[in-house]
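**Student:** below are the sequence and a predicted model for it; my questions follow.
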Amino acid sequence: IVRVSKDKDPDYRSRFSGRATFHPETLSLRISPVTQADSGNYYIHFETPSGLTHSQCFQVSVWGEWLPPSPPPALSPAPLTPLSSQSPSASHT
């Protein structure tokens, strides 16, 4: 998906270009929007400055398609109208 090297911009692979964002401060990767075709095994290979390597596999399942959030409904101002033109009764029993 992405190759990241110290002091270089991330190199995103074509299938994920424009959809993947690497966050170096948390060492996390976000893919958005996702599709069911993005389901599968994802591997991370990390090498420390001292040369130690770490690898881990993540199994990702996408069950539905991403939908953009719906915009909020448009509100338009309207004058207030009275509920009733009758005056309240002055007598109490």
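**Tutor:** Sure thing, it's come through.

**Student:** show me where the protein has strands.
**Tutor:** For the chain, strands defined by DSSP state E occupy the ranges 2-3, 11-12, 20-23, 28-31, 40-47, 53-60.

**Student:** export those strands as a markdown table, with columns for mean neighbour count and mean pLDDT.
**Tutor:** In short, each C-beta sits where N, CA and C put it, glycine included. Shown next, in a markdown table, are the strands of the chain (neighbours: other CB atoms under 10 Å; pLDDT from 0 to 100):
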| stretch | mean neighbour count | mean pLDDT |
| --- | --- | --- |
| strand 2-3 | 12 | 86 |
| strand 11-12 | 15 | 86 |
| strand 20-23 | 14 | 90 |
| strand 28-31 | 14 | 90 |
| strand 40-47 | 10 | 90 |
| strand 53-60 | 9 | 92 |
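
**Student:** which residue sits closest to the residue sitting nearest the centre point of the chain, ignoring its sequence neighbours?
**Tutor:** With distances taken as CA atoms, centre = their mean, the residue of the chain nearest its centroid is residue 32 (6.3 Å). Spatial nearest neighbour of residue 32, chain neighbours left out: residue 19 (6.2 Å); criterion: CB to CB, 6 or more residues apart in numbering.

**Student:** give me the neighbour count for that neighbour.
**Tutor:** Residue 19 has 16 neighbouring residues, counting by other CB atoms under 10 Å.

**Student:** so what's it up against?
**Tutor:** The contact partners of residue 19, taken as CB atoms under 8 Å, 6 or more residues apart in numbering, are 31, 32, 33, 34.

**Student:** how much space is there between it and residue 80?
**Tutor:** Taking CB to CB, to the nearest Å as the measure, residue 19 falls 48 Å from residue 80.
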